[in-house]
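Engineer: Turn this into a model:
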Amino acid sequence: MKEWKERLKEEGYIEVGDFIIEVSVDSECPCKDDEVYPAITVYDRRTESWYYVDEPFDPVNNFTEAWKQAIKVLEEYINGKGPRLKRTPKKFAPDDVIKRFAEALKTLENKTEF
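Structural biologist: Residues are numbered from 1 along each chain as shown. I've put the predicted structure just below:
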């Protein structure tokens, strides 16, 4: 049995409901200052669309640090904070997608993976 957090750390992604949630590191290139940031991307299988989580992440040095920040954000969403899913920097995901994503995340509260 693997807890979803460990699976996300080991595999870089988890599947929950209609969604695939992926954690990685992102950098602006050309690399100006060697800073990398956590990136959470979300694929909605129902709409066949990609979104990203728009949160003010701190710079990280490696994937483990990115994972820790991602877990913190996902736990905040599980505990009721509204997800900030976006299609583009100026366009949020449709309300129904955000609602389904929030509902799917709540199923992770005490979930373990087999």
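Engineer: Okay, now the unreliable bits of the chain?
Structural biologist: 1-2, 27-33, 110-114 (pLDDT under 70).
Engineer: ok, residues contacting the helix or strand hosting A66?
Structural biologist: Here A66 sits within helix 63-78, counting by DSSP states H and E. If you take C-beta atoms under 8 Å, 6 or more residues apart in numbering as the criterion, helix 63-78 is touched by 5, 8-9, 12, 21, 23-25, 36-40, 53, 55, 57-58, 60, 83, 102, 105-106, 108-109. For glycine as for every other residue, the C-beta is placed from the backbone atoms N, C-alpha and C.
Engineer: I'd like the distance between the spatially closest residue to K5 that is not a sequence neighbour and R87.
Structural biologist: Of all residues not flanking K5 in the chain, I71 sits nearest, at 5.5 Å (C-beta to C-beta, 6 or more residues apart in numbering). For I71, the distance to R87 (C-beta to C-beta, to the nearest Å) stands at 24 Å.
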